[in-house]
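Enquirer: Attaching a predicted model along with its sequence, questions to come.
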Amino acid sequence: MGKLIYMDNQGREIVVPLGPDAPVVSLGRATDCTIRSNRKSVSRRHAEFRYANGIYEVIDLKSSNGTYLIVDDNRQPVSPRVSLKNEDEVWCGDFILHFEDEEVYEEIALEALEEDSNPTQYDGVQVGFGAEPVSYTHLRAHET
């Protein structure tokens, strides 16, 4: 399952699921958008995030200020759609979201389990083997 993560106006982290149970997430100023923003740089119907057949993508809906994927610290325009991968950063105008694919972390944890032989616990859940617990931060550092 994928998820879109952003900060609301009060600085709270908001997580919105994207996947088989929620295949379309809309973003814009319109009241019927899944993610609503009152920022002037965000169009009424700015972008959609979609999931289909194991592929995540972002689609710009001909927004005024554009939708961008950050690649190597450069803003690449989404025109009209771009596939998303784990830890992608997306800008809709000046509204920033992060995309995470939980399956990537699960695969890394499974690989760690296969490599070692001594189970350890992380937050009460066995995710790796070895003398030290395997945290998600540690797993991300070893992502291929």
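Expert: Perfect, thanks for sending it. What you see is a predicted model; the values in this text were computed from it and never measured.
Enquirer: rest of the way, CA atoms for contacts and neighbours
Expert: Noted.
Enquirer: Run through the protein and note the low-pLDDT ranges.
Expert: The model of the chain has pLDDT under 70 over residues 104-144.
Enquirer: Excluding chain neighbours, what is closest to Asp101?
Expert: Excluding its sequence neighbours, the residue lying closest to Asp101 (CA to CA, 6 or more residues apart in numbering) is Gly2, at 4.3 Å.
Enquirer: and Lys3, bridged to which residues?
Expert: Pro17, Glu100 (DSSP bridges).
Enquirer: Quick one: residues contacting it.
Expert: Contacts for Lys3 (CA atoms under 8 Å, 6 or more residues apart in numbering) come out as Val15, Val16, Pro17, Leu18, Gly19, Phe99, Glu100, Asp101, Glu102.
Enquirer: Swap in 10 Å and give it another go.
Expert: By CA atoms under 10 Å, 6 or more residues apart in numbering, Lys3 lies in contact with 14-19, 22, 86, 97-102.
Enquirer: Same check on Ser63?
Expert: Residues near Ser63 by CA under 10 Å, 6+ apart: Gly28, Ser41, Val42, Ser43, Arg44, Arg45, His46, Ala47, Cys92, Gly93.
Enquirer: The last one reaches Lys62, doesn't it?
Expert: In other words, Gly93. No: counting by CA atoms under 10 Å, Gly93 does not reach Lys62; the two are 11.8 Å apart.
Enquirer: before we move on, the earlier item: any idea how many residues pack against the residue nearest to Asp101?
Expert: 25 (other CA atoms under 10 Å).
Enquirer: Roughly how far does it sit from Glu103?
Expert: Applying CA to CA, to the nearest Å, the value for Gly2 to Glu103 is 8 Å.
Enquirer: what are the bridge partners for Val82, then?
Expert: Counting by DSSP bridges, Val82 forms beta bridges with Val58.
Enquirer: hang on, Asn53 packs against Met1?
Expert: No: when contacts are counted by CA under 10 Å, Asn53 is not listed as touching Met1 (12.0 Å).
Enquirer: Tell me who's in contact with the spatially most central residue of the chain.
Expert: Nearest to the mean C-alpha position of the chain, by CA atoms, centre = their mean, lies Phe99 at 1.1 Å. Phe99 is in contact with 2-6, 15-18, 49, 56, 84-90, counting by CA under 10 Å, 6+ apart.
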